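# Test case, fold it:
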Amino acid sequence: MKKYSGLTFFLLIFFFSAAAQENKAEEALIKQCINQLFEGMKKGDSSLTHTSFSDQCIMQTIATPKNEAPIVKTTSLSDFLRFIGSPHKERFDERIVFTKILIDGHLASVWTDYKFYVDDQFSHCGVNSFQLFKGKDGWKVIYIIDTRRKENCGA
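Now for the predicted structure:
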């Protein structure tokens, strides 16, 4: 009996170790997808940014107009890409920190804190919540919603 319990223990350790390594590899691919989105944004390269998105992506932001209740605003992917790719002298630099990544098969949920800069001037901060799908073309953003604020942004 002891022989089998030792073997069972070894197999469990092996299984969980392999699963953890696979999850780390998927996390790296997810981070690469999201980082590519923001690298394209920083460079003003809408084609690079577009490669991170599913064509059916939904993009929303929670806005808080002055002296009004918060609202959810929706932007189309094509409008966002047009904004990124239109000639502009400013550099849009969204600096993110990966806070949480959850993966279940072909679905991932990612939470990032961010600080947004126009050139080197701080603009606002908030959080991004991404939903990604892994299909034949790899991980793609299918949904993103963010918050925006100018205070309580940390150091």
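
# give the contact list for His88.
Contact criterion Cβ atoms under 8 Å, 6 or more residues apart in numbering gives Gly44 as the residues in contact with His88. (Glycine included, C-beta is placed from N, CA and C.)

# Checking the closest residue to Phe92 other than its chain neighbours next. Helix, strand or coil?
On the basis of Cβ to Cβ, 6 or more residues apart in numbering, the spatially nearest residue to Phe92 that is not a chain neighbour turns out to be Met41, at 5.3 Å. Under the three-state scheme (DSSP: H, G, I helix; E, B strand; the rest coil), Met41 adopts helix.

# and Met41, how many neighbours does it have?
Here the number of neighbours of Met41 (other Cβ atoms under 10 Å) works out to 22.

# helix/strand/coil for the residue nearest to Phe53 when sequence neighbours are not counted?
The spatially closest residue to Phe53, leaving aside those adjacent along the chain, is Val141, at 5.0 Å (Cβ to Cβ, 6+ apart). Taken by three-state DSSP, the conformation at Val141 corresponds to strand.

# Each with direction, which strands does the helix or strand containing Thr61 pair with?
Secondary structure assignment for Thr61, by DSSP states H and E: strand 53-63. Taking DSSP bridges as the criterion, strand 53-63 sits next to strand 71-75 (antiparallel), strand 138-147 (parallel) in its sheet.

# isn't Phe92 right up against Asp120?
No - between Phe92 and Asp120 there is no contact, the gap being 11.7 Å when judged by Cβ atoms under 8 Å.

# more neighbours, those two?
Ranked by neighbour count (other Cβ under 10 Å), Phe92 and Asp120 place Phe92 first, with 17 against 7.

# got a list of what the more buried one touches?
When contacts are counted by Cβ under 8 Å, 6+ apart, Phe92 is found next to 41-42, 44, 84, 116-118.

# now do Ala63
The neighbourhood of Ala63, defined by Cβ under 8 Å, 6+ apart, consists of 70-73, 148.

# Kindly recompute the last result at 6 Å.
Applying Cβ atoms under 6 Å, 6 or more residues apart in numbering, one finds that Ala63 lies in contact with 71, 73.

# mean confidence score for the longest strand along the chain?
Among the segments of the chain that qualify as a strand by DSSP state E, the longest is strand 121-135. Throughout strand 121-135, pLDDT has a mean value of 98.

# Kindly report the same for stretch 96-110.
Along stretch 96-110, the predicted local confidence has a mean pLDDT of 98.
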